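Engineer: next input, structure requested:
(one chain, ligands or ions: 1)
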Amino acid sequence: MTEVVETALPKVRGAALCADGVGIRFDSFQAVQNISLDIAAGEFLCLLGPSGCGKSTLLSAMAGFVTVDEGSLSVGGDRITGPDPELGMVFQSSEALFDWMTVRQNVAFGPRMRGASRAEQTKLADEYLGLVGLRHCADRFPGQLSGGMRQRVQIARVLANEPGVVLMDEPFGALDAQTRQVMQEETDRIWRASGCTVVFVTHDIDEAILLADRIAVMTAGPAASVKSVYPVDLPRPRDEDDPSAVELRRQLREDIGEEVRKALRDQGLDDASRDAEEDDR
Ligand SMILES: Nc1ncnc2c1ncn2[C@@H]1O[C@H](COP(=O)(O)OP(=O)(O)OP(=O)(O)O)[C@@H](O)[C@H]1O
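Structural biologist: This next block holds a predicted model:
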């Protein structure tokens, strides 16, 4: 059980994120095309879609790491032209942490870079470590923590920059099933406490139903776009056995299954496509 320290953190106000007709190419390869999404301030949006459709590419463009070739992306009404303190990214791998720094130094890194005083750095780091339930680990090094704990440090480090939007690229993909479940519950709690807007990429339909306000399903690539957007009108914390959750899971499986089969057919893997169809039945 995570020991969560009550904090006096001000609610960080989420920022709205808007994609307007976004297209991204790698040389002559059109990865995504005509993506339009209006994500409200404080909303939790999950991006689901077949493997290789362009979820990470879109998320990286939202983070300002990848240039948009058509259309535009904006945060809080300002066009995204590169990395921006308003946009925080949590990666799948906790290798993103600095192994030679203590947990506290890792979380204080952003405030230090923006010139906060030493006392303010420590205060912010401890506040956010409290929020993710890891204040007691502040003096340890990342290598001394479990995978789930390292991911919580990553989340605290991003939140210490007080971004309006947190972008998460399959952050729990490398964790075992049990730790993953704990992290999903933690994410729900941390997101509500922080008030940030979250865009969360996942392969996992159940994870999306557990966390999202809305789920955007992408088509198979190349030139992937948004196929459908599902609101998740279920009370939190979510009950996966709620009949509405069961029905939503069925719809999402069908919707994504169609795209996976299309992708397999396009790759000439028709036998695999037939097998996938049979698995769905
Ligand atoms: N730097 C790059 N150069 C060339 N092609 C790229 C580059 N990055 C991604 N792609 C291609 O763009 C497409 C989308 O890749 P992306 O990683 O965004 O998909 P994804 O939906 O996140 O996949 P997965 O679910 O398997 O992680 C793929 O065909 C990939 O090969």
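
Engineer: can you give me the buried ones in stretch 137-144?
Structural biologist: By 16 or more other CB atoms under 10 Å, the buried positions in stretch 137-144 come out as 137-138, 141-142. The C-beta positions use only the backbone N, C-alpha and C, and glycine is treated the same way.

Engineer: got a list of what the residue nearest to I39 when sequence neighbours are not counted touches?
Structural biologist: What sits nearest to I39 in space, not counting adjacent residues and going by CB to CB, 6 or more residues apart in numbering, is L17, at 4.3 Å. L17 sits next to 37, 39, 62, 73-75, 165, 197, 199 when contact means CB atoms under 8 Å, 6 or more residues apart in numbering.

Engineer: filter those down to the buried ones, ChimeraX style.
Structural biologist: One line in ChimeraX is enough to select the buried ones among those; burial here means 16+ other CB under 10 Å:
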select :37,39,62,73,75,165,197,199
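
Engineer: could I get the contacts of L17 as CSV with secondary structure?
Structural biologist: What follows is the contacts of L17, written out as CSV (DSSP: H, G, I helix; E, B strand; the rest coil):
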residue, secondary structure
L37, strand
I39, strand
M62, helix
L73, strand
S74, strand
V75, strand
V165, strand
T197, strand
V199, strand
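
Engineer: as a markdown table, the contacts of L17 with distance to the ligand and pLDDT would be great.
Structural biologist: Below are these laid out as a markdown table (distance: CB to the nearest ligand atom, whole Å; pLDDT from 0 to 100):
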| residue | distance to the ligand | pLDDT |
| --- | --- | --- |
| L37 | 15 | 97 |
| I39 | 18 | 97 |
| M62 | 12 | 97 |
| L73 | 15 | 97 |
| S74 | 21 | 97 |
| V75 | 20 | 96 |
| V165 | 18 | 96 |
| T197 | 20 | 96 |
| V199 | 13 | 97 |
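
Engineer: run a quick neighbour tally on E86.
Structural biologist: 18 (other CB atoms under 10 Å).

Engineer: what about the residue nearest to I39, distance to L248?
Structural biologist: 23 Å (CB to CB, to the nearest Å).

Engineer: and for E170?
Structural biologist: E170 is 20 Å from L248, by CB to CB.

Engineer: same deal with G148?
Structural biologist: Distance, G148 to L248, using CB to CB: 27 Å.

Engineer: and R265, what's its pLDDT?
Structural biologist: On the pLDDT scale, R265 is placed at 84.

Engineer: burial of it, as a residue count?
Structural biologist: Each residue near R265 was counted by other CB under 10 Å, and the total is 14.

Engineer: how close does it sit to M149?
Structural biologist: Taking CB to CB, one finds R265 at 42 Å from M149.

Engineer: ditto for G23
Structural biologist: In terms of CB to CB, G23 sits 39 Å off from M149.

Engineer: likewise T57?
Structural biologist: Relative to M149, and taking CB to CB, T57 is found at 29 Å.

Engineer: next one: P171
Structural biologist: Taking CB to CB, one finds P171 at 13 Å from M149.

Engineer: between those two, who's got more neighbours?
Structural biologist: P171 (25 against 21).

Engineer: tell me the contacts of the nearest residue to that one once chain neighbours are set aside?
Structural biologist: With sequence-adjacent residues excluded and distances taken as CB to CB, 6+ apart, P171 is closest to V90, at 4.8 Å. By CB under 8 Å, 6+ apart, V90 lies in contact with 151, 154-155, 158, 166-169, 171.
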